[in-house]
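Asker: sequence plus predicted model, see below.
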Amino acid sequence: MIITECYNRNMTQITPFGAALRYFRRSQKRLTQPKLADKLGVSQAMISKIEKGKGDGSAELREKIVEYFGVSYDEFLKVGRQEIDGTAGPITEETVERMVSKAIAKQSPLGSIEAHVK
């Protein structure tokens, strides 16, 4: 049986975006909510609200979060849905390579140019 809805302790429905944020924050970057909030320039309360399904944040914030983790918006939501229905597994090697490439490009002064040339 696939569970299509997931609720936290307060019976607030957890969204795929919130589930993905929690997964990536904990599993991929091993960050606390306050550390991630600091890196994104938002409050820890906002990160908590998103993870708990009490809010999604602005479109700009969602875009910033997805970009920070170096995956596409679709990949991010896919992981969130998998977290909710219990089918999440390790991130593929292809996704890790893409994340590393994006991180390297961000550090390079030509990073944005290199991304467009490829």
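Answerer: On my side now, so go ahead. Residues are numbered from 1 along each chain as shown.

Asker: helices of the chain, start to end?
Answerer: Secondary structure of the chain (DSSP state H): helices located at 16-23, 33-40, 44-52, 59-69, 73-85, 93-107, 111-117.

Asker: most tightly surrounded among those?
Answerer: helix 16-23 (a mean of 23; mean count of other CB atoms under 10 Å). Where you see a C-beta, it was placed from the backbone N, CA and C, and this is true even at glycine.

Asker: now do that one against helix 73-85, angle only.
Answerer: 80 degrees (axes from the mean of the first three to the mean of the last three CA atoms, to 10 degrees).

Asker: mean pLDDT added to the helices of the chain, as TSV?
Answerer: Shown next, in TSV, are those (pLDDT from 0 to 100):
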stretch	mean pLDDT
helix 16-23	93
helix 33-40	95
helix 44-52	95
helix 59-69	95
helix 73-85	89
helix 93-107	68
helix 111-117	45
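
Asker: could I get stretch 14-34 in CSV with only the CA atoms?
Answerer: What follows is stretch 14-34, C-alpha atoms only, in CSV (Å, rounded to 0.1, in the frame of the first residue of the first chain):
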residue,chain,number,x,y,z
ILE,A,14,3.7,17.2,5.2
THR,A,15,4.2,18.5,1.7
PRO,A,16,6.6,16.9,-0.8
PHE,A,17,8.7,20.1,-0.7
GLY,A,18,8.9,20.0,3.1
ALA,A,19,9.8,16.3,3.1
ALA,A,20,12.5,16.9,0.5
LEU,A,21,13.9,19.8,2.4
ARG,A,22,14.3,17.8,5.5
TYR,A,23,15.8,14.9,3.6
PHE,A,24,18.4,17.0,1.7
ARG,A,25,19.2,19.1,4.8
ARG,A,26,19.8,16.0,7.0
SER,A,27,21.1,13.4,4.5
GLN,A,28,23.1,15.4,1.9
LYS,A,29,24.4,18.4,3.7
ARG,A,30,24.1,17.3,7.3
LEU,A,31,23.0,20.7,8.5
THR,A,32,20.9,21.8,11.4
GLN,A,33,17.9,24.0,10.7
PRO,A,34,19.6,27.1,12.1
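
Asker: pretty sure residue 44 contacts residue 25?
Answerer: No: counting by CB atoms under 8 Å, residue 44 sits too far from residue 25 to count as a contact (11.5 Å).

Asker: no further queries at this time; thank you.
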